[in-house]
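Chemist: I need the structure of the sequence given here:
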Amino acid sequence: MTRDGIKIGNRTYVSHRIREFKNRHTGIKGQGRRWPVYYNPYEPSRVWLYDHTVEKDPARSPWVPFDFKCQHLIRDSWTQ
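Modeler: This is a model prediction of the structure:
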């Protein structure tokens, strides 16, 4: 995770909630500040950060979406 967002390959993903995770330890041994991030290679416009610390809170979802920063520049469907 960088100050701009989550970088995967040449893509940067952003969210208004990034400040919640930037300098916070995950609490997972050996992970430090590296949060688990999941993505679907067939839908590269969004990734999800998994916040395991809120799993037991029914009012909050542990999945935090991050959107592709340059999505507004893509007018067509995603291709390879």
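
Chemist: what's near enough to touch the nearest residue to G32 once chain neighbours are set aside?
Modeler: Once flanking residues are discounted, G32 sits nearest to H25: 6.3 Å by Cβ to Cβ, 6 or more residues apart in numbering. Quick note: C-beta positions are derived from backbone N, CA and C, even for glycine. Residues in contact with H25, defined by Cβ atoms under 8 Å, 6 or more residues apart in numbering, are 31-33.

Chemist: ditto for Q71
Modeler: Applying Cβ under 8 Å, 6+ apart, we find Q71 in contact with S45.

Chemist: Angles on the backbone of it, please.
Modeler: phi -60, psi -30 (degrees, to the nearest 10).

Chemist: Likewise for I8?
Modeler: phi -130, psi 110.

Chemist: ok so, going back, turn the contacts of H25 into CSV, columns for neighbour count, secondary structure and pLDDT.
Modeler: Output for the contacts of H25, formatted as CSV (neighbours: other Cβ atoms under 10 Å; DSSP: H, G, I helix; E, B strand; the rest coil; pLDDT from 0 to 100):
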residue, neighbour count, secondary structure, pLDDT
Q31, 11, coil, 72
G32, 9, coil, 72
R33, 11, coil, 71
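
Chemist: Can you tell me which of these comes closest to Y13?
Modeler: R33 (16.5 Å; Cβ to Cβ).

Chemist: Can you give me the distance of that closest one to Y42?
Modeler: 29 Å (Cβ to Cβ, to the nearest Å).

Chemist: do the same with W63
Modeler: To Y42, W63 is 18 Å away according to Cβ to Cβ.

Chemist: now do Q31
Modeler: 27 Å.

Chemist: And the contacts of the helix or strand bottoming out on mean pLDDT in the chain?
Modeler: In the chain, the helix or strand scored least confidently by mean pLDDT, DSSP states H and E is strand 6-8, which has a mean of 87. With Cβ under 8 Å, 6+ apart as the test, strand 6-8 has contacts from 1, 12-14, 37, 39, 47, 49, 66.

Chemist: Which entries within these meet the buried criterion?
Modeler: 1, 13, 39, 47, 49, 66 (16 or more other Cβ atoms under 10 Å).
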